[in-house]
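Chemist: just to be clear, the model below is a prediction. Sequence and coordinates:
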Amino acid sequence: MASPHIGPDTPFFIVLNAGSGSEDAAQARQVIDDAFAADGRRHRVFLVDGPGRVQALAREAVERARAVGGVVVAAGGDGTINAVAQATLGSGCPFGVLPQGTFNYFSRTHGIPRDTAQALQVLLTQQPRAVQVGLVNDRVFLVNASMGLYADLLEERESHKARFGRHRWIAFYSGLLTVLRGRHRHWQLRIASHGHERDIRTPTLFVGNNPLQLMQAGVDHAEAPEQGRLTAVALKPVGLLSMPGLLVRGALGRLGDADEVLSFPFESMTVKAGRLRTPRRVKIATDGEIDWVDMPLLFRVAPDPLWLVRPDSAPELEAARP
């Protein structure tokens, strides 16, 4: 598929999640409206004004953009960006991002500033470039997908953020509390990739599609998403006292040094439960959003790219390279 082009008359359809991050939604809306007015560009904002509305509004934005050759834009955190990307993938529409969340790994990896006004300048001056998308069964992930302990950690983190605020230190201490509680299930998994099968026992399986996040954690094969592949990370069975140490290693960028960590790159990987009594559904997290998915799980690189409006360089990603 040829790269879409954005011209001076191309309209923009923006899905703005008022609940993402700490920036005031009204202020973000005003900055968006002012930037488009100053540039003489057409746009429409779809405001996510309630739980469960983002998917429906994303589909509507894509339908309207396809009808007139427009750009679909996600203004929100990683979860909002994921939902709008899910609706946009395969449509042929260019995709833009105005990051409003806490971690913003997707936008940071692709050189899109956290500041809304600066991100708007990227949106209004740059052209779409192909970006790799990961899939688990039919669900998109731009940053990562996981099952087991990591998915539980993300679910607990959202609960703590709702109570105490959306800050990075809260995310870290939430993770620490989760692993210290213990009682984590160890999964018997059969993994098939590159024509070979292996059985592993692990409390969690993590699949990364974001080189910046993988590099900052110090994971081996962090460059795989830049080479048309994904990176799988699994923990070997460890005791309760070892878990906080692994969490600290990840925060310090030294996870790849741990003997308890297994990682490998792949393009397509099937995951089945390794026991006769297999669960029909498992809890997974995709870009921080929790859902239940039927087994087996098929992790793969999507056949179509996402046409992301982005600059040709990403300073933060370059600085993270070893």
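Modeler: The structure has been received and is ready for your questions. Numbers count the residues shown, from 1 in each chain.
Chemist: so where is the stretch 1-150 of the chain shaky, pLDDT-wise?
Modeler: Low-confidence segments of the stretch 1-150 of the chain (pLDDT under 70): 1, 18-24, 150.
Chemist: now do the strands in it.
Modeler: 12-17, 43-48, 71-76, 95-99, 128-131, 134-136, 139-141, 144-148 (DSSP state E, counting those that start in this stretch).
Chemist: what's the closest of the ones you listed to residue 36?
Modeler: Closest of the strands of the stretch 1-150 of the chain to residue 36 is strand 43-48, at 4.5 Å (criterion: C-beta to C-beta). Backbone N, C-alpha and C define where each C-beta goes, glycine included.
Chemist: for the closest one, packing partners?
Modeler: strand 12-17, helix 25-39, helix 54-68 (3 or more C-beta pairs under 8 Å, 6 or more residues apart in numbering; DSSP states H and E).
Chemist: other residues contacting that strand?
Modeler: The contact list for strand 43-48 (C-beta atoms under 8 Å, 6 or more residues apart in numbering) reads 11-19, 25, 29, 32-33, 36, 54, 57-58, 60-61, 64, 76, 80.
Chemist: filter those down to the buried ones.
Modeler: The neighbour count (16 or more other C-beta atoms under 10 Å) marks 12-18, 25, 29, 32, 36, 54, 57-58, 61, 64, 76, 80 as buried among the contacts of strand 43-48.
Chemist: could I get the helices and strands packed on strand 43-48 as JSON lines with distance to residue 204?
Modeler: As requested, the helices and strands packed on strand 43-48 are arranged in JSON lines below (distance: least, C-beta to C-beta, whole Å):
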{"stretch": "strand 12-17", "distance to residue 204": "28"}
{"stretch": "helix 25-39", "distance to residue 204": "34"}
{"stretch": "helix 54-68", "distance to residue 204": "27"}
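Chemist: do you know which of those lies nearest residue 318?
Modeler: Counting by C-beta to C-beta, and looking across all of the helices and strands packed on strand 43-48, nearest comes helix 25-39 at 26.9 Å.
Chemist: packing partners of the closest one?
Modeler: strand 12-17, strand 43-48, helix 116-125.
Chemist: cutoff 10 Å now
Modeler: strand 12-17, strand 43-48, strand 71-76, strand 95-99, helix 116-125 (3 or more C-beta pairs under 10 Å, 6 or more residues apart in numbering; DSSP states H and E).
Chemist: who touches that helix?
Modeler: 8, 11-12, 14, 16-21, 23-24, 41-45, 47-49, 73, 75-76, 98, 100, 115-117, 119-121, 123-125 (C-beta atoms under 10 Å, 6 or more residues apart in numbering).
Chemist: about what we covered before: so which of the helices and strands packed on helix 25-39 gets nearest residue 298?
Modeler: Using C-beta to C-beta, the helices and strands packed on helix 25-39 put strand 95-99 closest to residue 298, at 23.5 Å.
Chemist: report all helices and strands that the closest one contacts.
Modeler: Looks like strand 95-99 contacts strand 12-17, helix 25-39, strand 71-76, helix 78-88, helix 105-109, helix 116-125, strand 128-131, strand 306-309 (3+ C-beta pairs under 10 Å, 6+ apart).
Chemist: now do 8 Å
Modeler: By 3+ C-beta pairs under 8 Å, 6+ apart, strand 95-99 packs against strand 12-17, strand 71-76, helix 78-88, helix 105-109, helix 116-125, strand 306-309.
Chemist: now it against helix 116-125, angle please.
Modeler: Per axes from the mean of the first three to the mean of the last three C-alpha atoms, to 10 degrees, the angle that strand 95-99 makes with helix 116-125 is 170 degrees.
Chemist: hang on, residue 88 packs against residue 58?
Modeler: Yes - contact criterion C-beta atoms under 8 Å: residue 88 and residue 58 qualify, at 7.5 Å.
Chemist: which neighbours do those two share?
Modeler: Residues touching both residue 88 and residue 58 (C-beta under 8 Å, 6+ apart) are residue 72.
Chemist: good, wrapping up.
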